[in-house]
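J.: Quick one, structure for this:
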Amino acid sequence: MKSEHVNAFVTGSFRVIESLFGAPPKRGELQARPSVFTTGQCNVTIGVTGDVQGIVIFGMSLVTADRIASTMIGAPIKTFDALAASAIAEMCNMISGNAMTALSDAGVKCDITPPALIRGTNTKISTLSIPAIIVPLELPVGPLDLTVSLAERKR
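T.: Okay, here's the model as predicted:
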């Protein structure tokens with residue numbers, strides 16, 4: 001996996017999070033894993049297709065998810081319902097859209113799939129043979145793990 005692929009999502013995360021919360025996230029130490037196993041209670045997955053292919057996962061606790069949704073909706077979340085899920089998915093979609101713009105500017109042609117929300121702990125999401133880079137981010141409302149698992153398409 002090329003660093004510019006990961007950096008596109010990190011940069012997109014910083015832009016969107018700062019615009020939503022008024023402060024940039026703090027980045028933790030990168031981790032590499034041969035496959036993806038998330039401990040987040042709330043995970044948004046976005047597929048990537050084109051010159052690079054794979055999956056990006058945004059994993060967080062339900063507390064963090066509630067706080068993100070509350071900020072985006074402008075009202076406290078009492079129950080994690082469809083509106084809250086839509087808000088979380090939209091934030092991840094915005095980050096991914098920013099990443100696609102950065103990749104396009106670098107000459108990498110790719111597209112994203114609609115976001116999918118997966119709830120539950122100890123979820124295993126297979127990336128087949130594509131390794132994953134995990135970028136821990138500390139948002140103003142709680143921690144979020146950005147997992148990028150992308151590979152150049154074989155021609």
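
J.: got the residue ranges for the helices in the protein?
T.: 3-21, 62-73, 82-105 (DSSP state H).

J.: Among those, single out whichever gets nearest to P140.
T.: helix 3-21 (4.4 Å; CB to CB). (C-beta placed from N, C-alpha, C; glycine too.)

J.: Pull out the CA atoms of that closest one and give them to me as CSV.
T.: The C-alpha trace of helix 3-21 is given here as CSV (Å, rounded to 0.1, in the frame of the first residue of the first chain):
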residue,chain,number,x,y,z
SER,A,3,1.6,6.1,1.7
GLU,A,4,-0.2,8.6,-0.5
HIS,A,5,-3.3,6.4,-0.4
VAL,A,6,-3.3,6.4,3.4
ASN,A,7,-2.4,10.1,3.5
ALA,A,8,-5.4,11.0,1.3
PHE,A,9,-7.7,9.6,4.0
VAL,A,10,-5.8,11.1,6.9
THR,A,11,-5.8,14.6,5.2
GLY,A,12,-9.5,14.2,4.4
SER,A,13,-10.2,13.3,8.0
PHE,A,14,-8.3,16.3,9.4
ARG,A,15,-10.2,18.7,7.0
VAL,A,16,-13.7,17.3,7.7
ILE,A,17,-13.2,16.9,11.5
GLU,A,18,-11.8,20.4,11.9
SER,A,19,-14.7,21.9,9.9
LEU,A,20,-17.3,20.0,11.9
PHE,A,21,-15.8,20.3,15.4
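
J.: tilt between it and helix 62-73?
T.: 60 degrees (axes from the mean of the first three to the mean of the last three CA atoms, to 10 degrees).

J.: Show me which residues of helix 3-21 are buried.
T.: 5-17, 20-21 (16 or more other CB atoms under 10 Å).

J.: still on that earlier bit, now the helices of the chain in JSON lines, with mean pLDDT?
T.: Putting those into JSON lines (pLDDT from 0 to 100) gives the following:
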{"stretch": "helix 3-21", "mean pLDDT": "95"}
{"stretch": "helix 62-73", "mean pLDDT": "95"}
{"stretch": "helix 82-105", "mean pLDDT": "96"}
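
J.: contacting residues for the residue at minimal distance from the centre of the chain?
T.: Centroid-nearest residue in the chain: F58, 3.3 Å away (criterion: CA atoms, centre = their mean). By CB atoms under 8 Å, 6 or more residues apart in numbering, the contact list for F58 reads 43-44, 46, 92, 95, 144-147.
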